Every structure is written in C-alpha cells, then in structure tokens.
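# Next one to model:
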Amino acid sequence: MKYTTLFLDRDGTLIQKPPEGDYIKSISEVNFLPGVLEAMPILDQAFERIIVVTNQRGVAKGVLSIQTLTQIHNYIHSQVWGAIDRFYFCPHELDSCDCRKPLPGLAFKAQLDFPEIKFSDSTMAGDALTDMQFGMTIGALPILISPRYNLLDFAKQIRTVS
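So this is what the prediction gives:
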C-alpha cells in the first residue's frame, strides 16, 4: 500500500530544535534527531511524496537570509538521499500572513505545485501543537513526534501496515 503525501515539520521532527528564541543559522547547526536518517528511506517507500513545511521567522527577524535557509534545506535534502520532494517555509513575522503554521497556506502552496495532493489522504507529522492544528485544518491525519515516539517509530509502524 502506498500512502499519498507526508507533510513533515522540520525543527523538532527532522532536526534538533534550537533553544527557544534561537534559529538554525548554518549547516553546522543541523543535527538530525535519532532515527531520522534510518526513517527517511522507509517513509520514501511508503509515501508518494514527502513535503517539509516549516515556520522560519528568523528570516523576518534578519537572523538568516533566504539564501542561507535554502543552503540548509539543500543540505538536509542531501543527507536524506533526496527523500524530501520539496521544502515550503513561512519567512514571516507572527500574525502577518496566511502561511505560518497552523494556518494552511503552506499546504495550499504545495498543492499548487503538486495538484494531485488530496489533504484527506495526507499525514502531517510534527512535534508541536501548531503542527497538529495544521494537519487537522487541512484534513490530514496528525501524528505527534516526540522523544517517546520519533520518526523512526512512525516509519516502522507505517512499514508494518503497508
């Protein structure tokens, strides 16, 4: 069985989340969470597409540029063997757009690029309440990722169901 779209949060789901109020500002600060590198090939086999949706307020604050953010995303992409189909990010300040999770703007942007996405056949995996709200808003199955149930645990469960 092949699932359709997996939406993934970035910080706290794929890579270690920086301290509150801080941002990942360079490739050297990217640390994959336990199990992520093992999980991605499994998830790539299980889902037709994997899309990262991430709030990146550091761009609006001037802490990092879109060019640097793109380099970070390219690095993550290279480390997961191309399993991620696309990165979508919100570079805006709080309450200034419709793309900051939990609002659904990033999902709609993804659907413009991948018109075959059906949100009701999608899954949203993330570590925060905003990720769960994002998933519920678009009608996707929300999966909470935590140190007790990480991305590899989810991938193994998907593999046994498939």
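# Only C-alpha atoms from now on, for both contacts and neighbour counts.
OK.
# any chance you could map the helices in this protein?
Applying DSSP state H to the chain gives helices spanning 36-46, 57-60, 66-79, 105-113, 129-138, 151-161.
# Can you tell me which of those helices is nearest to residue 91?
Residue 91 lies closest, by Cα to Cα, to one member of the helices of the chain: helix 57-60, at 5.2 Å.
# ok, and for that closest one, which residues are buried?
If you call a residue buried by 16 or more other Cα atoms under 10 Å, then helix 57-60 has these buried ones: 57-59.
# In TSV, list these along with pLDDT and distance to residue 17.
TSV is the format used below for those (pLDDT from 0 to 100; distance: Cα to Cα, whole Å):
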residue	pLDDT	distance to residue 17
57	95	14
58	96	13
59	97	16
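# Compile those residues into TSV and extend it with columns for distance to residue 39.
Listed next are the buried residues of helix 57-60 as TSV, based on distance: Cα to Cα, whole Å:
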residue	distance to residue 39
57	27
58	28
59	29
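# Indicate which one of the helices of the chain is closest to residue 93.
Of the helices of the chain, the one closest to residue 93 (Cα to Cα) turns out to be helix 57-60, at 5.7 Å.
# how far is that closest one from where the chain is centred?
17 Å (Cα atoms, centre = their mean, to the nearest Å).
# Give me the contact list for it.
Contacts of helix 57-60 with the rest of the structure, by Cα atoms under 8 Å, 6 or more residues apart in numbering, involve 23, 64-66, 90-94.
# Closest one to residue 127 out of those residues, please.
Closest to residue 127, out of all of those and judged by Cα to Cα, is residue 23, at 16.2 Å.
# which residues touch that closest one?
58, 63.
# phi, psi of it?
When read as degrees, to the nearest 10, the backbone of residue 23 gives phi -140, psi 150.
# Show me what the strand ranked longest in the chain pairs with in its sheet, parallel or antiparallel.
In the chain, with assignment by DSSP state E, the single longest strand is strand 47-55. When pairs are called by DSSP bridges, strand 47-55 turns out to pair with strand 3-8 (parallel), strand 86-90 (parallel).
# could you redo the contacts of helix 57-60 as TSV and give each row distance to residue 153 and pLDDT?
Shown next, in TSV, are the contacts of helix 57-60 (distance: Cα to Cα, whole Å; pLDDT from 0 to 100):
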residue	distance to residue 153	pLDDT
23	26	97
64	32	96
65	34	98
66	32	98
90	28	98
91	30	97
92	32	97
93	33	94
94	32	91
